[in-house]
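Peer 1: Task: produce atomic coordinates for the following.
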Amino acid sequence: MLALLIPALFLCASCSRPSSESAPSTLTVGMELAYPPFEMQDPQGNPAGLSVDLARALADYLHQPLSVENIPFSGLIPALKTGKIDLIISSMTQTPERAQSIDFSDPYLSTGLCLLVKKQSPIQGIADADRPGVTLVVKQGTTGQIYARDHIRSAQVLVLDKETACVLEVTQGKADAFIYDQMSTFTNWKKNPAILRPLLKPFQSESWAIGIRQGNTPLRDKVNAFLTRYRAAGGFDRLGDRYLSDQKAAFKQLNVPFVF
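Peer 2: Numbering: from 1, shown residues only. Model (predicted):
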């Protein structure tokens with residue numbers, strides 16, 4: 001009888017243990033941590049920035065632990081499609097081309113493409129930049145590259161992997177202008193105000209959204225519900241005040257609509 005009871009006791013003990021399936025799955029978010037103040041690393045090498053705070057708030061809303069994967073921007077969509085990550089929160093513009101391979105949430109930020117030029121440059125806008133003898137630099141995988149491919153007809157276009165390399169080309173006079181988004185253009189100008197000049201009025205409006213694997217409608221609906229609630233609760237206003245206070249003031253002075 002004792003021999004029969006022992007297996008039964010073990011069976012009951014195993015039934016009383018919490019199942020690993022009951023534990024919430026980790027929400028894995030991909031971003032390139034090279035785009036301050038949105039995606040960056042703190043002095044200890046940990047993920048930091050506006051997008052990281054947004055990802056943490058989303059994970060809390062979904063009651064899931066968060067894991068941030070640092071992936072080069074051009075590798076984010078492949079990582080999402082293959083299941084390495086669940087979402088992309090990496091200052092990604094929602095474009096028709098990208099929407100062919102992934103789904104997007106509702107937009108959470110409005111921005112646009114603009115130019116970074118040398119301080120004494122005669123360039124005043126995109127029309128001045130698209131001329132023979134002008135060299136434009138763009139970062140690979142960005143909407144700046146897409147815009148140059150589709151619209152630039154006369155200027156030479158140089159494609160580089162790193163944002164810092166693009167800025168350096170303009171700083172050193174090897175390129176006449178860098179096509180990039182407003183926030184980054186402002187940040188790069190603040191680092192080199194004696195050398196560079198930002199043309200912050202956008203010549204193409206864009207929206208950033210969260211990338212989701214195609215067909216994952218339940219997750220997309222949850223993300224959209226989060227964004228609606230987060231905005232209504234003032235979450236984006238707080239992010240703007242924490243990370244973009246200088247930009248908000250500068251945009252107001254220039255009469256350029258702010259991103260949130």
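Peer 1: from here on, contacts and neighbour counts on C-alpha atoms
Peer 2: Fine.
Peer 1: just checking, R197 is part of a strand?
Peer 2: Yes - counting by DSSP: H, G, I helix; E, B strand; the rest coil, R197 falls inside a strand.
Peer 1: ok, now which ones touch it?
Peer 2: Shown in contact with R197 (C-alpha atoms under 8 Å, 6 or more residues apart in numbering): L116, V117, K118, K119, W189.
Peer 1: for E169, same thing?
Peer 2: Neighbouring residues of E169 by C-alpha under 8 Å, 6+ apart: V137, A175.
Peer 1: any idea how far it lies from V159?
Peer 2: Separation of E169 from V159 (C-alpha to C-alpha, to the nearest Å): 11 Å.
Peer 1: so of the contacts of R197, which ones are in helices?
Peer 2: W189 (DSSP state H).
Peer 1: Just the buried residues out of the contacts of R197, in ChimeraX syntax.
Peer 2: In ChimeraX, this line selects whichever of the contacts of R197 come out buried by 16 or more other C-alpha atoms under 10 Å:
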select :116,117,118,119,189
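Peer 1: Among the contacts of R197, which ones are in strands?
Peer 2: Within the contacts of R197, residues falling in strands by DSSP state E are L116, V117, K118.
Peer 1: could I get the residues you listed as TSV with distance to L219 and pLDDT?
Peer 2: Shown next, in TSV, are the ones in strands among the contacts of R197 (distance: C-alpha to C-alpha, whole Å; pLDDT from 0 to 100):
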residue	distance to L219	pLDDT
L116	37	98
V117	41	98
K118	44	97
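Peer 1: these two touch, right, K201 and T111?
Peer 2: No - taking C-alpha atoms under 8 Å as the definition, K201 is not a contact partner of T111, at 9.9 Å.
Peer 1: Mutual contacts of the two, please.
Peer 2: By C-alpha under 8 Å, 6+ apart, the residues touching both K201 and T111 are Q182.
Peer 1: give me the element S25 is part of.
Peer 2: In the assignment (DSSP states H and E), S25 maps to no helix and no strand.
Peer 1: Equivalent analysis for the one 3 residues further on, please.
Peer 2: Secondary structure from DSSP H and E places T28 in strand 27-31.
Peer 1: Can you tell me the strand partners of that strand and which way each runs?
Peer 2: Using DSSP bridges, strand 27-31 pairs in its sheet with strand 66-70 (parallel), strand 87-88 (parallel).
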